[in-house]
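Chemist: Only the shape, not the letters, is given here:
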């Protein structure tokens with residue numbers, strides 16, 4: 001007989017991982033997942049362009065935690081219990097083999113996110129997990145009962161059209177929220193909320209001429225937010241609304257709070273060829289002008305930049321495409337150096353990165369036990385995934401936190417049965 005009930009709020013990666021592990025490890029536990037929408041595992045579905053970036057080939061905890069702008073110290077302890085190696089093993093034991101791409105991202109060998117979804121749904125069916133769809137939770141009401149002289153916590157959950165469900169344990173895995181008010185349904189559980197702000201977004205540059213190069217990627221650039229300490233390197237993708245790509249997304253994550261405070265109105269500096277600074281580039285161009293003296297500048301790009309981008313830089317520097325390297329005036333050369341090594345762009349606004357956005361903020365980590373994701377103030381209440389104040393850069397790190405926190409919560413629930 002199943003004599004205890006776990007209700008998991010949220011049918012995403014963290015919620016499912018908590019539910020299926022708890023149901024498997026503790027057969028006496030009745031497990032219910034409550035999902036507010038008509039879709040399960042929706043972020044799993046769209047992640048990695050529909051392939052699901054399950055985790056990242058980063059196998060030392062000290063390196064792994066460097067990928068989390070918020071929550072690194074908390075995760076340093078959590079990852080010792082369940083990390084990348086454990087994730088790979090867990091899925092392999094269920095017939096899902098992961099592969100590693102050159103940038104370290106790990107996907108199912110099938111290149112299809114449905115493989116991960118099917119695996120988790122199969123586990124849920126195998127262990128008799130009840131799933132309630134289209135059931136937004138309105139409120140949680142903790143209760144205290146005395147059984148054989150011992151005080152026990154339990155919970156009454158109000159959801160959907162005034163339906164109620166009672167639980168001995170709750171795991172809140174509802175994902176991140178973009179506004180503080182969206183946490184109101186959690187007001188009765190007595191936890192403080194770190195104000196949520198968007199992370200992993202692209203930079204808007206309305207009507208800037210560079211957007212005419214949409215689709216062009218510069219493989220290695222350094223992007224710095226002016227008047228701050230924040231900078232990142234990596235590929236930069238030019239889009240029809242501005243700039244995206246790994247360097248931009250990483251920068252948006254690390255600087256999330258500062259950029260929110262600026263209302264997403266700020267200036268960035270980009271070095272498109274970071275192997276040079278303005279001084280060394282000036283020396284390089286002196287050599288180029290000597291070696292390619294008779295050749296047209298537009299025909300000879302000495303930096304392996306995309307041809308459309310090179311032409312754009314020449315235009316922005318006021319350089320005639322028919323001019324020879326030998327005839328390049330000093331004024332235009334200085335402009336070119338600036339446009340290559342210290343280009344300045346005014347950013348006005350942000351755009352969500354596909355459907356893989358995350359939020360910075362959530363349940364205060366100081367109020368959660370890193371060993372088992374249990375509330376420090378309310379026994380029987382657990383958290384998993386993005387609802388807590390942890391977020392990672394793009395590349396599988398947010399899913400790794402989902403698997404880790406979901407697994408730890410399942411383990412912690414088991415100790416209370």
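Modeler: Great, that's in hand. Quick caveat, the model's predicted, so the values are computed rather than measured.

Chemist: before we move on, which element is the residue nearest to residue 316 when sequence neighbours are not counted in?
Modeler: Distances taken as CB to CB, 6 or more residues apart in numbering place residue 339 nearest to residue 316, at 5.2 Å, with adjacent residues excluded. Glycine gets a C-beta too; all of them are placed from N, C-alpha and C. For residue 339, the enclosing helix or strand under DSSP states H and E is helix 330-341.

Chemist: Show me what that helix is packed against.
Modeler: Other helices and strands packing on helix 330-341, by 3 or more CB pairs under 8 Å, 6 or more residues apart in numbering; DSSP states H and E, are helix 278-291, helix 307-316.

Chemist: Could you list the buried residues of that helix?
Modeler: Buried residues in helix 330-341, counting neighbours by 16 or more other CB atoms under 10 Å, are found at 332, 333, 335, 336, 337, 338, 339, 340, 341.

Chemist: Name the member of those with the shortest distance to residue 223.
Modeler: Taking CB to CB as the measure, residue 223 lies nearest residue 341 of the buried residues of helix 330-341, at 12.6 Å.

Chemist: what's the average pLDDT for stretch 406-417?
Modeler: Stretch 406-417 shows a mean pLDDT of 96.

Chemist: before we move on, what about stretch 133-151?
Modeler: 89.

Chemist: Contacts for it next, please.
Modeler: Residues outside stretch 133-151 that contact it (CB atoms under 8 Å, 6 or more residues apart in numbering): 9, 11, 34-38, 40, 152-160, 163, 170, 174, 185-189, 378, 381.

Chemist: pLDDT below threshold where in this protein?
Modeler: Within the chain, the ranges that satisfy pLDDT under 70 run 1-2, 353-356.

Chemist: redo that, cut-off 80
Modeler: The chain contains residues with pLDDT under 80 at 1-2, 145-151, 352-357.

Chemist: Please look at residue 370 and residue 78 and confirm they touch.
Modeler: Yes: if you go by CB atoms under 8 Å, residue 370 and residue 78 touch, sitting 5.0 Å apart.

Chemist: what do these two both touch?
Modeler: residue 408.

Chemist: Show me which of those two is the more surrounded one.
Modeler: Applying other CB atoms under 10 Å to residue 370 and residue 78 shows that residue 78 carries more neighbours, namely 24 against 19.

Chemist: got the contact list for that one?
Modeler: Going by CB under 8 Å, 6+ apart, residue 78 touches 370, 371, 373, 404, 405, 408.

Chemist: Got a quick ChimeraX command for the buried subset of the contacts of stretch 133-151?
Modeler: Buried members of these, defined by 16+ other CB under 10 Å, are picked up in ChimeraX with:
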select :9,11,34,35,36,40,153,154,155,157,159,160,170,174,185,186,189,378,381
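
Chemist: Which ones among the contacts of stretch 133-151 lie within helices?
Modeler: Taking DSSP state H, every one of those sits outside helices.

Chemist: What are the boundaries of the strands in the stretch 301-417 of the chain?
Modeler: Using DSSP state E, counting those that start in this stretch, the strands found in the stretch 301-417 of the chain span residues 343-348, 350-352, 358-363, 381-383.

Chemist: so which of these is the most packed in?
Modeler: Highest mean neighbour count of the strands of the stretch 301-417 of the chain: strand 381-383, a mean of 28 (counted as mean count of other CB atoms under 10 Å).

Chemist: for that strand, the distance to its chain's centre please.
Modeler: Its chain's C-alpha centre and that of strand 381-383 lie 21 Å apart, by CA atoms, centre = their mean, to the nearest Å.

Chemist: Identify the residues contacting it?
Modeler: For strand 381-383, the surrounding residues in contact (CB under 8 Å, 6+ apart) are 18, 142, 153, 155, 169-173, 189, 363, 368, 372-375, 405, 409, 412-413.

Chemist: just to revisit the earlier point, quick one: contacts for the residue nearest to residue 316?
Modeler: Residue 339 neighbours (CB under 8 Å, 6+ apart): 313, 316, 317.

Chemist: What sits closest to the first one if chain neighbours are left out?
Modeler: In other words, residue 313. residue 339 (4.9 Å).

Chemist: repeat for residue 96
Modeler: Excluding its sequence neighbours, the residue lying closest to residue 96 (CB to CB, 6+ apart) is residue 119, at 5.1 Å.

Chemist: Roughly how far does that neighbour sit from residue 4?
Modeler: Separation of residue 119 from residue 4 (CB to CB, to the nearest Å): 26 Å.

Chemist: go on, residue 86?
Modeler: Taking CB to CB as the criterion, residue 86 is separated from residue 4 by 26 Å.

Chemist: go on, residue 213?
Modeler: Noted for residue 213: a distance of 59 Å to residue 4, by CB to CB.

Chemist: What ranges does the stretch 1-150 of the chain have for its strands?
Modeler: Counting by DSSP E, counting those that start in this stretch, the strands of the stretch 1-150 of the chain are 4-9, 29-34, 55-56, 98-100, 105-108, 130-132, 137-147, 150-159.

Chemist: Deepest in the core, which of those is it.
Modeler: By mean count of other CB under 10 Å, those have strand 55-56 as the most buried, with a mean of 28.

Chemist: Give me the contacts around that strand.
Modeler: Contacts of strand 55-56 (CB under 8 Å, 6+ apart): 64, 67, 84, 87-88, 98, 104-106, 395-397, 399-400, 403.

Chemist: Which of these sits closest to residue 284?
Modeler: For these, the closest approach to residue 284 (CB to CB) belongs to residue 104, at 31.6 Å.

Chemist: burial count for the residue nearest to residue 96?
Modeler: 18.

Chemist: isn't residue 119 right up against residue 91?
Modeler: Yes: Residue 119 is within contact range of residue 91, at 6.6 Å (criterion: CB under 8 Å).
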